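K.L.:
Everything below, folded, please.
(2 chains)
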Amino acid sequence: MTYKIFLTRLGNGLLVLLGVAIMNFTLVHMAPGDPAMIFAGEAGGGDETYVEQLRQDMGLDKPLVTQFAIYAGDLLRGDLGYSFRNQRDVASMIVERIPATLLLTMTAFGIALIIGIVFGMLGGWFRNTLLDRGLMIVTLVLYATPLFWLAMMFVLLFSVRLGWFPPFGMQSVLVPDAPLDRLLDIGRHLVLPAFSLGLFYAATYARLVRASVINVSNADFVKTARAKGVPGGRILRVHVLRNAILPVFSLASVHIGQLVGGAVLTETVFAWPGIGRLMFDAILQRDYPVILGVFLTTGLLVILVNIVTDLLYRIVDPRIEHTAGN
Amino acid sequence: MKNILKNTSLAIGLALLALILVIAVFAHVFYPVSPWQSAATPLLEPFSQSGLPLGSDMLGRDVAAGIAYGARVSLTVGVVSTIISVTLGVTIGAVAGFYGGVLDNLLMRFTELFQTVPQFAMAVVFVAIFSPSLVTIVLAISLVSWPPVARLVRGEVMSLKSREFVKAGIVLGESESGLIFRHILPNAVSPIVVMASLMVATAILTESALSFLGLGDRNMISWGYMIGASRTMLRDAWWLSVFPGLAIVVTVVAVNLIGEGFEKALNPQAHGERKA
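P.N.:
Down below sits the predicted model:
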């Protein structure tokens, strides 16, 4: 059963990937100028012989369908094009940066979940108290704060003023030798980027969990538990929480994509060596093959993470098995 | 009307937004000199010189003037891109929900695709390829923000089309477009209004992020641009990034409060519980 669902998800994922490829292809062809010029880098980026070579490779004189087939074939072989600006193969530039982005986004996602669930639980359980009002104001403001600005404010406060955490990078210039020290070093660099990326989503989850805690608290099974004399803390943990966090998981798949997008901003501020920072540098240099390649890769990451969260969701909520296929 | 007056979040939101709107509209009256032009010595701290409450940047430009003119970009992009994406979303959602079948299936697949793809990365690609301008920024934001509207409208239309007043319309010989626009959609207005107001907030945040990355309109000063330009000065001139950032936060809070207020006013049963 699970196996079948997994295959369906994979099929859907491949469709999305095809969609992203079509989007990339369409955008490049709709853009002003010749796609070969765009791939070689705007004005002056590529020399004439290279552009001519590209024109032939891309089959620009052939029908659009053929051109797309050539592009799709390249993608399937893992060929994302060549960055003339960096004199490097785009795929290899991206691959070496993926681990850093995964580390950052997954940590941020964990932080968002933990803070969101705790805040939401507190707010929902102690609703309309001073604590609840305070948390609502905090989440309202966090929800309105630009990711990149929060990141800069963190640098200003925790690095420049207090000196608690390093302001940029993933490792110190002098990388410690011992494996444990290296890990701690990366951890120290990770704190600020992960929190600044995670807090925005923490605010979203806090509001969601608060609403669903209030909702579940009025359910019959909770009233029954109360009537039986089950202590409040136990009701919250056993009866309410498990049901109240489900909406968070169903939203998670949408947010993974946004987190990866947000990583572009966070990595830019912190010079975190992931694909987001790569995209920013590519924007500055108008290095289109890299920009398009990163876009495609983020799509791929989202699909993979979605499959994983989907499986996790099934573990958290066994009832979903019955409605599978929708 | 009484309900609306009692609605504190709506009142606070509207008051804040009115203030920002006044600043945006009369920016050229408050600051007749272009915000790009040097007005004082570079890097003056805030409150250190009269007439320059928020200090000056590395080229001596007045930070307060930049914030006043920047409000124009934020509000314009927020409102215009929301109007476009709501139009797009309502059209696609209404067609899918009304006709159902294969068309519905195709349109929803299309919608899902746009929802799965990392939206911000897509907006970046769009603006980078078509070169940054107010128009491409608005189009990019519209392109990535219509899917939730389409899904919402599709659901509403599907549940409304089997209601009696719609059947009565069919019996009376009302055309399909008449059914959709005169009978069904007016009944789905309130959730769309709530969603649209929250979309304005997201659009303002996205615009600031694009400008921060250097993908803003070069001819217009914007809050995101100001923050991006001062990134390397963070250590020495905190005010260059702190004030434009606060401007974004206040504006987005105001818009979100209005959205929440609408939700309370239009949907009293489920007040305050926003679905993200």
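K.L.:
how many other residues sit next to whichever residue of chain A sits closest to chain B?
P.N.:
Residue of chain A nearest chain B, by C-beta to the nearest C-beta: A:Gly261 (3.1 Å). Backbone N, C-alpha and C define where each C-beta goes, glycine included. By other C-beta atoms under 10 Å in any protein chain shown, the residues close to A:Gly261 number 27.
K.L.:
Next: A:Phe158.
P.N.:
Neighbours around A:Phe158, by other C-beta under 10 Å: 18.
K.L.:
Can you give me the distance of it to B:Glu164?
P.N.:
A:Phe158 sits 61 Å away from B:Glu164, going by C-beta to C-beta, to the nearest Å.
K.L.:
Repeat that for A:Val16.
P.N.:
40 Å.
K.L.:
Looking at those two, which is more packed in?
P.N.:
A:Val16 (21 against 7).
K.L.:
residues in the stretch 101-250 of chain A within reach of chain B, list them.
P.N.:
Counting by C-beta under 8 Å from any C-beta of the partner chain, the stretch 101-250 of chain A comes close to chain B at A:140-141, A:143-149, A:152-153, A:155-156, A:160, A:204, A:207-208, A:210-211, A:214-215.
K.L.:
Can you go through those and name the buried ones?
P.N.:
Applying 16 or more other C-beta atoms under 10 Å in any protein chain shown to those, the neighbour count classes A:140, A:143-149, A:152-153, A:155-156, A:204, A:207-208, A:210-211, A:214-215 as buried.
K.L.:
Among these, name the ones in strands.
P.N.:
Of the positions in those, not one sits in strands, assigned by DSSP state E.
K.L.:
Keep only those of these that are in helices.
P.N.:
Counted as lying in helices by DSSP state H, out of these, are A:140, A:147-149, A:152-153, A:204, A:207-208, A:210-211, A:214-215.
K.L.:
Farthest pair within the residues you listed?
P.N.:
A:Met152 and A:Asn215 (37.1 Å; C-beta to C-beta).
K.L.:
now what about the lowest-mean-pLDDT helix or strand in chain A, what contacts it?
P.N.:
Using mean pLDDT, DSSP states H and E, the weakest-scoring helix or strand in chain A turns out to be helix A:35-39, at a mean of 72. Applying C-beta atoms under 8 Å, 6 or more residues apart in numbering or on different chains, the contact partners of helix A:35-39 are A:28-29, A:31, A:43, A:46, A:51-52, A:54-55, A:58, A:60, A:81-82, A:288-289, B:129.
K.L.:
can you do 6 Å?
P.N.:
For helix A:35-39, contacts defined as C-beta atoms under 6 Å, 6 or more residues apart in numbering or on different chains pick out A:Val28, A:His29, A:Ala31, A:Val51, A:Leu54, A:Arg55, A:Tyr288, A:Pro289.
K.L.:
So which of these reach chain B?
P.N.:
A:Ala31 (C-beta under 6 Å from any C-beta of the partner chain).
K.L.:
got CSV for the contacts of helix A:35-39, with neighbour count and pLDDT too?
P.N.:
Shown next, in CSV, are the contacts of helix A:35-39 (neighbours: other C-beta atoms under 10 Å in any protein chain shown; pLDDT from 0 to 100):
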residue, neighbour count, pLDDT
A:Val28, 22, 79
A:His29, 15, 79
A:Ala31, 17, 74
A:Val51, 17, 76
A:Leu54, 21, 75
A:Arg55, 17, 77
A:Tyr288, 30, 82
A:Pro289, 25, 84
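K.L.:
which among the contacts of helix A:35-39 gets closest to B:Leu246?
P.N.:
Closest to B:Leu246, out of all of those and judged by C-beta to C-beta, is A:Tyr288, at 35.1 Å.
K.L.:
picking up where we left off before, so which of the contacts of helix A:35-39 is the closest to B:Gly97?
P.N.:
Taking C-beta to C-beta as the measure, B:Gly97 sits nearest to A:His29 out of these, at 31.9 Å.
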